[in-house]
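# no sequence for this one, just the structure:
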C-alpha cells in the first residue's frame, strides 16, 4: 500500500518539474524573440516576464477550448457533444463493429451506453434519433 508521504513526494516532484518546464519555455521564447525580432522587425528586446506573458497570450489565442487545452473551431468533441469533425473516424469504426455484433451484444451495448450523455450521439447505428427518443419515453 502506498503511503501518504509517497503521494506528497510525487506531487512535489510534478510541481517542480512543471515549474522547471515553464521557466525553460519562458527563457526559450525570450531568447528567440531577442535573437530574431529586433533584427527582422526592429522590435525591442523583452524580459523573461514579458516572454511568459507572450506564452500565456499565445495559449489563449491558439490553445483552443476557451483558451486552455485542446483545439478550437470546427473540431467536434466526442461523448455528449456529438461525433463531428475529428471523431468521425471513430464513429465509422464503431458503426463497422456494430454491424458485425449479434443482436444480444447490441442489446447489451444499448443497455450499458443508452443512458450515458443522453445515449449514443445521433442514435445507435440501427436506430434513427427519433426511435431513440421514443425508446427513452
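Great, that's in hand. Every value quoted in this text rests on a predicted model; they were computed, and no experiment measured them. Numbers count the residues shown, from 1 in each chain.
# low-confidence ranges in the chain?
The model of the chain has pLDDT under 70 over residues 1-2, 64-86, 115-137.
# strands along that one, start to end?
Assigned by DSSP state E, the chain shows no strands.
# next, count neighbours for residue 90.
11 (other C-beta atoms under 10 Å). Just so you know, the C-beta spots here come from the backbone N, C-alpha and C atoms, and that holds for glycine as well.
# which parts of the helix ranked longest in the chain are buried?
If you go by DSSP state H, the chain has its longest helix at helix 4-41. For helix 4-41, a neighbour-count test (16 or more other C-beta atoms under 10 Å) marks 26, 29, 30, 33, 34 as buried.
# for it, packing partners?
Judged by 3 or more C-beta pairs under 8 Å, 6 or more residues apart in numbering; DSSP states H and E, helix 4-41 is in contact with helix 48-62.
# by how many degrees do the helix it packs on and helix 4-41 diverge?
90 degrees (axes from the mean of the first three to the mean of the last three C-alpha atoms, to 10 degrees).
# show me what helix 48-62 is packed up against.
helix 4-41.
# so what touches stretch 23-43?
If you take C-beta atoms under 8 Å, 6 or more residues apart in numbering as the criterion, stretch 23-43 is touched by 44, 45, 46, 47, 48, 49, 50, 51, 52, 54, 55.
# most surrounded residue in those residues?
residue 51 (20 neighbours).
# and the gap between it and residue 5?
Taking C-beta to C-beta, to the nearest Å as the measure, residue 51 falls 36 Å from residue 5.
# residue 9: which of the contacts of stretch 23-43 is nearest?
Nearest to residue 9 among the contacts of stretch 23-43 is residue 52, at 27.4 Å by C-beta to C-beta.
# quick one: contacts for the closest one?
Residue 52 sits next to 22, 26, 29 when contact means C-beta under 8 Å, 6+ apart.
# spit out the contact partners of the residue nearest to the last one when sequence neighbours are not counted.
When the adjacent residues along the chain are set aside, residue 29 lies closest to residue 51, with 4.1 Å between them (C-beta to C-beta, 6 or more residues apart in numbering). Contacts for residue 51 (C-beta under 8 Å, 6+ apart) come out as 26, 27, 29, 30, 33.
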